Each structure stands twice: as structure tokens, then as C-alpha cells.
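Q: sequence and predicted structure are below.
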Amino acid sequence: MNTVTLRNLKNSLITVSMVCATVAVLVPLGLIFFHIMKMGASSINLDFFIHIPKPTGETGGGMANGMVGSALLIALASTIGIPVGVFGALYLVEFGGSRASNAIRFAADVLAGVPSIITGMVAYTLLVVPMKGFSALAGAVALALIMVPIVLRTTEEQLKMVPGSLREASLALGVPLWRTCLKVTLRSATKGVMTGILLSIARVAGETAPLLFTALGNQFWSHKLTEPIAAMPLQIFNFAIAPYEDWHRLAWAGALVLVTVMFALSLTARYLGRSKQQS
């Protein structure tokens, strides 16, 4: 067997291995999405989006309070976590050689690997116990703790791609460093930063464990940040383990909506990342 034939054989083996690995990833994902759609599509209707769950024993209802609650929790978590992550990344890029920056990177990597249930326990100790009650605020803080390392590390990598000549030109014109960071460095990496933000939102949108320790859940509408609040992951969990068939139906419908939202966020993040590379 000559050298050319051997190389072609190796190339074919590697190509087949890559195709098999790709199929091994895509097939389970497709099966999961197909099963969720099969079980939940029939329960998607207008009532599901505008009504709250019916009392035990009654059929019908929806998850309107869970969707609003999830949106509120994500908005509060983003308000807390995104500024911390973005400004932390700016600090790491501008003062990357200090001991403090190395400690921040290490802490962010460790925090990103901490199980979400541990994050929920920390938020429970820091907020729920002192406040003597579960609350939307505690749930938002727990989700923010999950978002911070994702936003920080992705934003840092995007800011590193900004040419140093842009910073130097801005500073040479007499622009203060803080304005250069905000108006030049950060603005040049806007699409990449948005990609990291969307990925962090998709990450926390389906979290259940930290909310069990903080937000707890609510069968009704909640209008205060200091009270327990409904969330779609919590409702899906509670309905899935309940003995009522109608609640199982709502759980599958909620799972379908949640997976669709997360899928859309991931696609948007990939689109922004790809358009940034092309530009």
C-alpha cells in the first residue's frame, strides 16, 4: 500500500468518525425535541398563554403566571448579572496582568462549574433566611450568580479581539481611559458581547434547582419582589411529578415552549457570532 492510498484511507476513516460523532450528538437532540413536540403540541392554545393553572381537579388553564414570572426573574437577573460580567471583563482586558485579574478569572471559572443547586443554597442562606421568606428577588440573585461567569468570560474573549490600535488612537487623542473602554473597546465588540449575554440567558431560562431554594413558585399572580413567584421551570417540575393527567399535559406544553425559547436564543447567539466573524 503506497503513501497516497494510506493517506486517503486515514482521511476517510477520520471523516467517517466525524460524521458519526455529529450524528451521535444530533440524533438524541432530535429525539428529545420530537418527543416533547409530540407530547406538548396538542396542548398549546390561547388559554395556555393567558390563563393561570386551574385548581386541583379542574381541567384546562395555562401557565401565564409562570411565563410572566420567568420573564421577570430573567430581567432582574440580567439587571444584576450583565453589568457585573461586562464591567468585570473590561477590567480583565485593561488590567489583565495583575494578581487580582488572575484571581477573578479563576473565581469565574470555578463559579461557572459550580452546580446550580449549590448556587440556590447560597442564595437561600444569604437572602431567604435573613428575609424570612422566599422571594422573586432571591431567585433573581441566584440566577445572576449563574450568569456572571458566562458573561464575564465570553465578553473578555470578545474584547481581546478588538485591535489595540483602536485603544491607542483613542488615548492618543486625549480620551480618558474609562471613556475609551466604553465608547471604543466595548462598542467595537457589541455583537460578541450580545452573544455571551444571550447564551447566559438561555443557560438560566431553564434552571429549576436554584429556584426551588429561592423563588419557591406560586400558583397565582405575584406582584411583589418580596413574595414567592411562579416560573415555568418550577411549574413544569411540579406538574410533572403530580398525579393528575391534566397537569402532565400542561407540563409537556410548558416544556415545549421553554425548549423553543432556549433554541431561539441559541440560534440568535450563533447568528450574532457568525455575523461578527464575517464582518
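A: Good, I have the coordinates. Fair warning: this is a prediction, and the values are worked out from it, not measured in the lab. Numbers count the residues shown, from 1 in each chain.

Q: pLDDT on stretch 12-24, on average?
A: This predicted structure assigns stretch 12-24 an average pLDDT of 95.

Q: send the alpha carbons of stretch 178-198 over as CSV?
A: This file holds the C-alpha atoms of stretch 178-198, laid out as CSV (Å, rounded to 0.1, in the frame of the first residue of the first chain):
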residue,chain,number,x,y,z
TRP,A,178,-12.9,55.0,31.1
ARG,A,179,-14.5,56.6,28.0
THR,A,180,-12.2,54.6,25.7
CYS,A,181,-13.3,51.4,27.3
LEU,A,182,-17.0,52.2,27.0
LYS,A,183,-17.1,54.1,23.7
VAL,A,184,-14.3,52.3,21.7
THR,A,185,-13.5,48.9,23.1
LEU,A,186,-16.9,47.8,24.3
ARG,A,187,-18.7,49.3,21.3
SER,A,188,-16.4,47.5,18.9
ALA,A,189,-17.3,44.2,20.4
THR,A,190,-21.0,44.7,20.8
LYS,A,191,-22.1,41.7,18.7
GLY,A,192,-19.8,39.4,20.6
VAL,A,193,-21.0,40.7,24.0
MET,A,194,-24.6,40.2,22.9
THR,A,195,-23.8,36.7,22.0
GLY,A,196,-22.5,36.0,25.5
ILE,A,197,-25.5,37.7,27.1
LEU,A,198,-27.9,35.6,25.0
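
Q: what comes up buried for it?
A: Of the residues in stretch 178-198, those buried by neighbour count under the rule 16 or more other Cβ atoms under 10 Å are 180-181, 184-186, 188-189, 191-198. (Each C-beta comes from the backbone N, C-alpha and C, glycine too.)

Q: ok, and what's touching it?
A: Surrounding stretch 178-198, the residues in contact under the criterion Cβ atoms under 8 Å, 6 or more residues apart in numbering are 78, 82, 85-86, 90, 93-94, 150-151, 153-155, 157-159, 161-162, 166-167, 170-171, 175, 265-266, 268-270, 272-273, 275-276, 279.

Q: buried ones only from the residues you listed, please, as a PyMOL command.
A: Those of these that count as buried under 16+ other Cβ under 10 Å are selected in PyMOL with:
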select buried, resi 78+82+85+86+90+93+150+151+153+154+155+158+159+162+167+170+265+268+269+272+273+276
